[in-house]
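Visitor: Build me a model:
(chains A, B, C and D)
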4 protein chains.
Amino acid sequence: MKNTFGNNITLTIFGESHGNSVGAVIDGLAPGILVDEKFISELLLKRRPYGEISTSRREPDNFVIESGVFEGHTTGTPVCIRIPNIDTNSKDYSDTRWLARPSHADYTANCKYHGFEDYRGSGHFSGRVTAALVAAAGLLIPALEAKGIHIGTHIKRCGGIADRDFSDLSADIKLLKELDFAVLDSKAAEQMIARIQTAKNEGDSVGGILETAVTGLEAGLGEPWFDSVESLLAHALFSIPSIKGVEFGAGFDMAELTGKTANDSFYVENGKVQTATNNSGGINGGISNGMPLIFRCAVKPTSTISLTQNTVNMATKENASLASKGRHDPCIVHRARIVVDAVTALVLSDILVGRHGTDWLGEK
Amino acid sequence: MKNTFGNNITLTIFGESHGNSVGAVIDGLAPGILVDEKFISELLLKRRPYGEISTSRREPDNFVIESGVFEGHTTGTPVCIRIPNIDTNSKDYSDTRWLARPSHADYTANCKYHGFEDYRGSGHFSGRVTAALVAAAGLLIPALEAKGIHIGTHIKRCGGIADRDFSDLSADIKLLKELDFAVLDSKAAEQMIARIQTAKNEGDSVGGILETAVTGLEAGLGEPWFDSVESLLAHALFSIPSIKGVEFGAGFDMAELTGKTANDSFYVENGKVQTATNNSGGINGGISNGMPLIFRCAVKPTSTISLTQNTVNMATKENASLASKGRHDPCIVHRARIVVDAVTALVLSDILVGRHGTDWLGEK
Amino acid sequence: MKNTFGNNITLTIFGESHGNSVGAVIDGLAPGILVDEKFISELLLKRRPYGEISTSRREPDNFVIESGVFEGHTTGTPVCIRIPNIDTNSKDYSDTRWLARPSHADYTANCKYHGFEDYRGSGHFSGRVTAALVAAAGLLIPALEAKGIHIGTHIKRCGGIADRDFSDLSADIKLLKELDFAVLDSKAAEQMIARIQTAKNEGDSVGGILETAVTGLEAGLGEPWFDSVESLLAHALFSIPSIKGVEFGAGFDMAELTGKTANDSFYVENGKVQTATNNSGGINGGISNGMPLIFRCAVKPTSTISLTQNTVNMATKENASLASKGRHDPCIVHRARIVVDAVTALVLSDILVGRHGTDWLGEK
Amino acid sequence: MKNTFGNNITLTIFGESHGNSVGAVIDGLAPGILVDEKFISELLLKRRPYGEISTSRREPDNFVIESGVFEGHTTGTPVCIRIPNIDTNSKDYSDTRWLARPSHADYTANCKYHGFEDYRGSGHFSGRVTAALVAAAGLLIPALEAKGIHIGTHIKRCGGIADRDFSDLSADIKLLKELDFAVLDSKAAEQMIARIQTAKNEGDSVGGILETAVTGLEAGLGEPWFDSVESLLAHALFSIPSIKGVEFGAGFDMAELTGKTANDSFYVENGKVQTATNNSGGINGGISNGMPLIFRCAVKPTSTISLTQNTVNMATKENASLASKGRHDPCIVHRARIVVDAVTALVLSDILVGRHGTDWLGEK
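Guide: Residues are numbered from 1 along each chain as shown, chains lettered A, B, ... in the order given. Below is the predicted model of the structure:
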């Protein structure tokens, strides 16, 4: 379903960058989940433009809960969260209406929607829609944490600079919750920010890799085939604009390993089955094995850049050139990080509610 | 839905390795698609064990079309294809019933199904179920080809050895249709086979990377968010056992590029919009742009190996060791290749039928 | 899916009677459908309280289109329509918080949502949510009419009084579009209104039967089994509060007929296959046969009445009695009529778009 | 989804009357449900032709469980049940290939499938496909009974003759499980059988009304809107061939009642909330209220009759006449009864598993 995802907990998103609002309807929530509006605001802050290295469009992201919450708790009926668009400047876009930004959705939207698309600020393709995703996840993340499930994403690589590896996952995830720029090694963070600043100055952009860890998941979640944990997560992750790769555990490095070096041998400790390594990223045969879930997403460099590029005029079908003005991000890796967390929370909640029943997420 | 996938064309799979049969129900097919049973058989041959470097279980893979085909054409009602299991040898497995193979689904299946799982030959987790997927795709692939859409997958890497890159896609895809071992460079093919043979002799296994190209796709397919072409393909691809990574276009290399180097500039040639490069893998904003679709899958080394590994006894929760006997593959990369084609054909057919209506695939 | 319906065109609804707003997200619309806001307002007027015989809650039903419409046309991305709640008076309800209205959803909501439900004005169970359904249908009905498909529902029976039968369907449907109180025979209309007025005066309520006709549908729509036209329509119709029965064509009278008297014999006229009678209501084997679609819905008397009734206190689990104050309708049959039209438009659009592809509804 | 139904427990059906087999894949079953093949056989017997008053096609209905069952229990993976077609006689049909039986699916199938449909014995539209539905339900019904949930359907009316009303539901349901011809009053049963025999002798057919009761359902099942218990049940029931009406509780009689007479007042007895009457049929606001579920289905007279009827030749588009030879039923009401039970078991299991989680149906 186009803008709806999930079997048990379903999210429906709507909105355009320069329309009235962006928003989400989240359905299937248990009654009685405590709604912490302050937490949702903080989560939205993590997605917002960061310092000098982001777009100058600055939305307050004040959200309105239209339904499904009563006296501070979910009612069990659909929650609609709406985030009005305030700081829109459509004039930036009208000049270049028919010039397709290379690697952006302008051209494909035009093919699909025959010119009826709202082209202003990328319309429905805008990363702004992810604000609604994040707000919706703001209902789920505390409920998951109350069940001992914690999610954290760091910038593994950005513009050629690497963060340190995850080490103590609990401590690292805790740290990530506090960071606005989600890099574990503060030196690497500084270098990345400088690199993004350089790209901005050059009218260029950079990409990166996000790495996510989830702790506290029980074994036995997911399905052998089409609803494997990997399938569901990848489906949702590839919905995030700019994600071009997803890998679990050792991922593409698997190609260079052999069974002997890749396999995660089991052992029992204190009655609990564990694995000595985690090349599987916590998933065997599509099903969680009780070890931390580990995956990485490749994020492409922002396609909207100020440098002049070759392109076509979609109206006249003639060659043209384009140097994007408007307000845009030289990098979205650091902003995408919380969207990855949001999507992960959605998928895991969906799986868990299917497994344990509709009241599970609201139970004390 | 657990064993059902697709919105417009839906595939439902069933079966266990040592049960009565494996099979698939494919629904939503247009009436009037020509059913070429010889083609289906040839497709199944490409999935079967290859020479010395595969399991010694040799199934004839004689399929039976139970429904939905009449006088050589699809009727428009669900097609059930069933492949009986013949060459089963369950004795191989009963000795090690409670010893979880590292990185295999034995342990997670046990957690999920509480011991009721059919453990013989990996049960429903067996790669054997992919025979049903391939047979179902045998109905779709010729129909897509009649529409000018061609799919080809080669082994990009295996056991540390690289195939040459795709060059002339049409010629390469044509070549791949003829190859049993899908490597474009015959020298590389020999080296890979030798490498797999070595792994087999050592009781070990190897992994690899599959790369897929699809030509002839129109622009405008897919959706901005949850039904992006990447989302749907990744969902289905991650359902294939042993796939641990999926990337589109430049994929994880995107992290090292900048907007300037990553963006695919547009130009018009003979009235047709094209891109100078294809780092996007044919997809912008989740929607096809008319360029070839390019993606890669990471395939892990087969987890079942003869070498002794540490594990646990799931019944007693005690540490144990295991050297798998049975019949198993030292590499499944070359067999998985046709499963990737099958899954790709399924997803693309599903999207195209949604776009153009239920009769589209059967039109002349 | 709880609050989402449809395969190709999907509707997601949200909202509570006394919350911020009620609304709907409608997805899968073709780009380029003309959006007629005046028509939507007129449709909403048909659902609003009617004269003296309705609740005194009078909502302006001013809707806001949050997304998916640009320069007067649908963009092809999800349309969110929101209708703010203005005239709420929650005090009416707090006194009787724990007294379950007989045959209303108070008790079942309490069982399902464990007391977290928004009880004010029936919360998410309120007929008010149907305003969102109607507004969404306001996008579809003109598009269907442009394709020659017309929908009309009249009050077949209400409070023991019968309307005349459908005769010239085209003329009758045209008349129904103009009527606020949808009864074809104006005498019968007067009697029904008087009957409802009497019920109101007595603190009681009445029910009725709605009969719907759809003209202009092509043959071949729907599926043999789970997506039969009857299945899909009944699914959606039974979602409307107070509907307790749905029948197609001769419906329950079929039980008294024989094959000879029930069967609709075919004949050809001007090259077009037709049936001499229409006991099948335009559907054979779940699939439209090109004749008018005819069905009826049984609407129960409003369960909220002022008369004193026996009930229970849900908090103390003790017997109690209740005479509902608040503002409520002595009859909702005349208001439900446009909701039936709305739901019918939704289901038929969904089926037609599946059949003909995503652009169909927007084609000129 | 065309031939797939259910959110948590999903059923996919396939097969044609004269094809290789009919069958069903049922997915989402808990592991560890005891599979009683004898019970399944007995259930299938209840669907089979009855005495002199049914078609002379006599299928043994020997089913084969292809997957998902191991050592007598469900494994938790999809169960495919297949029922081979044996007693086919396609010659009966080829003469009348292009003559559309009035009120049958011949014409609509031809419109939809453009002549590619398997016309023999009604192909995929055949009531024979319901054998697969019944076999699948044979897995669910004992599991529901182990949870205290019992389903029974009787022939309320047939050919103008009425059965007695339900009285003691537990005793009546128990009796229905033993009856082959499901009429509570044995006198009425005899009269109905005689009436059907008369219709058969006259080359005609009769219809009827089936009434179903379900006891032991907890309160709080179902959803306010699109997944109301009524919506889901009606969706599935209208998938059964020949069903033209569905009503819950007082159903269409609601139109003649007032709030005072229709409302089911609540009272507490032994700490349990109950209603004094059950005009709601156990459902308020789409959600079960803990009282017995009561609904009725209108079954049309079999459309295939031996009497000569007017029709058209679909190939030549000319008027024609037809007297069906073949083997057919003068009444299917008594055979449909077990299909209604099957469909009810499917829908309720689906709802219950959603509510309580995937293991629920298999718990001891």
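
Visitor: Quick one: low-confidence residue ranges for chain A.
Guide: In the predicted model of chain A, residues A:90-93, A:363-364 satisfy pLDDT under 70.

Visitor: In it, what residue lies closest to chain D?
Guide: Closest approach between chain A and chain D, counting by C-beta to the nearest C-beta: A:Gly357, at 4.0 Å. Placement of C-beta: from N, CA and C, glycine included.

Visitor: Tell me, how many residues neighbour the residue nearest to that residue when sequence neighbours are not counted?
Guide: By the measure of C-beta to C-beta, 6 or more residues apart in numbering or on different chains, the closest residue to A:Gly357 outside its immediate chain neighbours is D:Gly357, 4.0 Å from it. A count of nearby residues for D:Gly357, using other C-beta atoms under 10 Å in any protein chain shown, gives 22.

Visitor: Next: A:Ile305.
Guide: By other C-beta under 10 Å, the residues close to A:Ile305 number 27.

Visitor: Pull up the gap between it and A:Ala323, please.
Guide: The gap separating A:Ile305 from A:Ala323 is 8 Å, by C-beta to C-beta, to the nearest Å.

Visitor: And for A:His154?
Guide: Separation of A:His154 from A:Ala323 (C-beta to C-beta): 33 Å.

Visitor: So the residue of chain A closest to chain D is in contact with D:Trp360, correct?
Guide: Yes: at 7.4 Å, A:Gly357 counts as touching D:Trp360 under the criterion of C-beta atoms under 8 Å.

Visitor: And the helices in the stretch 251-364 of chain A?
Guide: A:259-262, A:333-356 (DSSP state H, counting those that start in this stretch).

Visitor: quick one: which of those helices is nearest chain B?
Guide: With respect to chain B, and counting by C-beta to the nearest C-beta, the nearest of those is helix A:259-262 at 3.6 Å.

Visitor: What about the residue nearest to A:Tyr119 when sequence neighbours are not counted, how many residues nearby?
Guide: Leaving aside its sequence neighbours, A:Tyr119 sits nearest to A:Arg97 (C-beta to C-beta, 6+ apart; 5.8 Å). Here the count is done by other C-beta under 10 Å, and A:Arg97 has 14 residues near it.

Visitor: do the one 10 residues further on as well
Guide: A:Tyr107 is surrounded by 26 other residues when neighbours are defined as other C-beta under 10 Å.

Visitor: Give the helix, strand or coil label for the residue nearest to A:Gly19 when sequence neighbours are not counted.
Guide: Closest residue to A:Gly19 apart from its sequence neighbours, by C-beta to C-beta, 6+ apart: C:Ser67 at 4.9 Å. Here C:Ser67 takes the coil state, with states given by DSSP: H, G, I helix; E, B strand; the rest coil.

Visitor: Any chance of the backbone angles for A:Ile332?
Guide: phi -120, psi 10 (degrees, to the nearest 10).

Visitor: right, and it touches A:Ile243 too?
Guide: No: using C-beta under 8 Å, A:Ile332 is not in contact with A:Ile243, being 10.3 Å away.

Visitor: Distance check, A:Ser94 against A:Gly15.
Guide: Separation of A:Ser94 from A:Gly15 (C-beta to C-beta): 20 Å.

Visitor: oh, I was asking about A:Leu348
Guide: 24 Å.

Visitor: Those two: who's more crowded?
Guide: Between A:Leu348 and A:Gly15, counting by other C-beta under 10 Å, A:Gly15 is the more crowded of the two (30 against 25).

Visitor: Spatially nearest residue to the more buried one (excluding sequence neighbours)?
Guide: The shortest distance from A:Gly15 to any non-neighbouring residue, by C-beta to C-beta, 6+ apart, is to A:Val22 (2.9 Å).

Visitor: Can you list the strands that the helix or strand hosting the one you found pairs with?
Guide: Per DSSP states H and E, A:Val22 falls inside strand A:21-27. Looking at strand A:21-27 with DSSP bridges, its partner strands are strand A:10-15 (antiparallel), strand A:79-84 (antiparallel).

Visitor: Out of those, indicate the one that is most buried.
Guide: Mean neighbour count (mean count of other C-beta atoms under 10 Å in any protein chain shown) peaks for strand A:10-15 among those, with a mean of 28.

Visitor: who has more neighbours, A:His154 and A:Ala323?
Guide: More crowded of A:His154 and A:Ala323, by other C-beta under 10 Å: A:His154, with 27 against 12.

Visitor: what sits against the more buried one?
Guide: For A:His154, the contact set (C-beta atoms under 8 Å, 6 or more residues apart in numbering or on different chains) comprises A:163, A:166, A:172, A:176, A:182-184, A:210-211, A:337.

Visitor: Buried residues of stretch A:59-74, list them for me.
Guide: Counting neighbours by 16 or more other C-beta atoms under 10 Å in any protein chain shown, one finds that the buried residues in stretch A:59-74 are A:59, A:61, A:63, A:65-70, A:73-74.

Visitor: can you give me the end-to-end distance of that stretch?
Guide: 26 Å (C-alpha to C-alpha, to the nearest Å).

Visitor: again, but for stretch A:216-236
Guide: Counting by C-alpha to C-alpha, you get 21 Å between the two ends of stretch A:216-236.

Visitor: roughly how far is that stretch from the heart of the chain?
Guide: Going by C-alpha atoms, centre = their mean, to the nearest Å, the spacing between the C-alpha centre of stretch A:216-236 and its chain's C-alpha centre is 17 Å.

Visitor: do stretch A:114-131 as well
Guide: Remark: stretch A:114-131 is offset 17 Å from the chain centroid, using C-alpha atoms, centre = their mean.

Visitor: Just the C-alphas of it, formatted as PDB.
Guide: C-alpha atoms of stretch A:114-131 as PDB (Å, rounded to 0.1, in the frame of the first residue of the first chain):
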ATOM      1  CA  HIS A 114       1.900  13.800 -15.600                       C
ATOM      2  CA  GLY A 115       2.600  17.300 -14.400                       C
ATOM      3  CA  PHE A 116       0.000  17.300 -11.700                       C
ATOM      4  CA  GLU A 117       2.600  16.800  -8.900                       C
ATOM      5  CA  ASP A 118       3.200  19.600  -6.400                       C
ATOM      6  CA  TYR A 119       6.700  20.400  -7.400                       C
ATOM      7  CA  ARG A 120       7.400  23.000  -4.700                       C
ATOM      8  CA  GLY A 121      10.100  21.900  -2.400                       C
ATOM      9  CA  SER A 122       9.900  18.300  -3.800                       C
ATOM     10  CA  GLY A 123       6.300  18.000  -2.700                       C
ATOM     11  CA  HIS A 124       5.400  14.600  -1.300                       C
ATOM     12  CA  PHE A 125       9.000  13.400  -2.000                       C
ATOM     13  CA  SER A 126      10.400  15.900   0.500                       C
ATOM     14  CA  GLY A 127      12.400  14.700   3.500                       C
ATOM     15  CA  ARG A 128      10.000  16.900   5.400                       C
ATOM     16  CA  VAL A 129       7.400  14.100   5.400                       C
ATOM     17  CA  THR A 130       9.800  12.200   7.600                       C
ATOM     18  CA  ALA A 131       8.900  14.600  10.400                       C
END
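
Visitor: Show me what residue of the stretch 101-250 of chain A gets nearest to chain B.
Guide: Counting by C-beta to the nearest C-beta, the stretch 101-250 of chain A gets nearest chain B through A:Ala105, at 2.5 Å.

Visitor: check contacts around the residue lying closest to that residue once chain neighbours are set aside.
Guide: Once flanking residues are discounted, A:Ala105 sits nearest to B:Gly285: 2.5 Å by C-beta to C-beta, 6+ apart. In this structure, B:Gly285 makes contact with A:104-105, A:108-109, A:125, A:241, B:224, B:228, judged by C-beta under 8 Å, 6+ apart.

Visitor: Now rank the residues you listed by neighbours and give me the top one.
Guide: A:Ala109 (31 neighbours).

Visitor: Run the chain-centre distance for the helix or strand hosting A:Glu247.
Guide: If you go by DSSP H and E, A:Glu247 is part of strand A:243-248. Offset of strand A:243-248 from its chain centre (C-alpha atoms, centre = their mean): 12 Å.

Visitor: the inter-axis angle of that strand versus helix A:333-356?
Guide: Orientation check (axes from the mean of the first three to the mean of the last three C-alpha atoms, to 10 degrees): strand A:243-248 against helix A:333-356 gives 50 degrees.
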